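>>> let's see this in three dimensions:
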Amino acid sequence: DMAEPIQQLTRNNSPEERQTVPFTLIQRKEKLGDLLYEKRQYGKAKWACITMKEKQYEQSICLGFMKLMRYICEQNSSGLYLGITIPIVTIVHTNEAQSEMTQAVTVAYYLPEVLQDEPPHPFDSDIIIEEWPSTIVYSR
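Sure thing, here's the model as predicted:
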């Protein structure tokens, strides 16, 4: 089922073609030359997102990623390979009290800069295009 997307990714993806999600570095914390974390400001942007609720967290991530890969590799309204952006984001959801994780896991793909104004529509109705507000992230 994933043979065609993997072949497409292999043909059309080299490290120099991967677009990093743009951010502004606010702070960088190092200790003895090792990076501990970075504080980053990410701007408002559109992301292709899918939320999965499998029994195991890892299953949700894998299945969500596979569905996003199909979207990236031509199963979209443009019929084109969209290109890889990094990182692919995984969001683990918690209950209302924020005391424990739920089964819901969202996997999200930043739409490349050239597609931000008019993102191709996914053929898979489980994938939605969301505009995320500007946010601050701590990254390791």
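
>>> from here on, contacts and neighbour counts on C-alpha atoms
Fine.

>>> low-confidence ranges, this structure, go.
The chain contains residues with pLDDT under 70 at 1-17.

>>> list the buried residues in the longest helix seen in the chain.
In the chain, assigned by DSSP state H, the helix with the most residues is helix 57-72. Across helix 57-72, burial judged by 16 or more other CA atoms under 10 Å covers 57, 60-61, 63-72.

>>> now, among those residues, which is nearest to P133?
Nearest to P133 among the buried residues of helix 57-72, counting by CA to CA, is L68 at 21.0 Å.

>>> thought L35 was touching K29?
Yes - between L35 and K29 there is a contact under CA atoms under 8 Å: 6.2 Å.

>>> and stretch 119-135, end to end?
The first and final residues of stretch 119-135 sit 21 Å from each other (CA to CA, to the nearest Å).

>>> other residues contacting it?
41-51, 67-68, 71, 75-78, 111 (CA atoms under 8 Å, 6 or more residues apart in numbering).

>>> do that again at 7 Å, thanks
41-50, 71, 75-78 (CA atoms under 7 Å, 6 or more residues apart in numbering).

>>> go on, stretch 85-101?
Here stretch 85-101 has contacts from 18-21, 102, 104-110, 112, using CA under 7 Å, 6+ apart.

>>> quick one: which of those sit in strands?
If you go by DSSP state E, these have 19-20, 102, 104-110 in strands.
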